[in-house]
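Q: what's the 3D shape of this:
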Amino acid sequence: MIGGNYQKDIYKQLMEVMEKVDSLESERKQDRREIKSLTNEVTSLRNDNERMKRILNNDSSNSSIPPSKDDDTKPAKEFLVFADMLNRSEITKVEGHGQIRRLSI
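A: Presented below is the predicted three-dimensional model:
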């Protein structure tokens with residue numbers, strides 16, 4: 001009798017493990033679909049971002065837009081360059097006419 005109960009317990013444990021494996025496989029497939037969807041969305045958003053940056057940066061100096069159509073309310077183009085990417089303790093600010101200013105953050 002003892003051997004029969006042992007086999008039933010082992011079989012029951014095996015079935016529980018198999019159910020868990022099936023559940024995990026299903027979750028993994030769902031996660032992979034979600035990752036693929038999110039990756040596609042990120043790619044699309046990056047493309048939109050690049051397109052919008054190009055549109056915003058268009059003026060008479062780099063496009064066929066006449067100088068009279070330039071937006072005079074736009075501030076001088078500024079670019080932030082991280083001098084120290086590890087601790088980000090200093091930023092170099094390059095302003096419109098090549099003026100360089102160091103900022104501590």
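Q: Tell me the secondary structure of residue 62, please.
A: Following DSSP: H, G, I helix; E, B strand; the rest coil, residue 62 is assigned to coil.
Q: From residue 55, how far off is it?
A: 12 Å (CB to CB, to the nearest Å). To be clear about C-beta, it is placed using only N, CA and C from the backbone, and glycine gets the same treatment.
Q: Would you map the strands across the protein?
A: In the chain, the strands defined using DSSP state E lie at 79-82, 90-94, 100-104.
Q: Let me know the average pLDDT across the shortest one.
A: For strand 79-82, mean pLDDT is 45.
Q: can you check the last one too?
A: Mean per-residue pLDDT for strand 100-104: 56.
Q: How about stretch 48-57?
A: Computed over stretch 48-57, the average pLDDT equals 86.
Q: shaky segments in the protein?
A: Segments of the chain classed as low confidence (criterion: pLDDT under 70) are 1-3, 60, 71-105.
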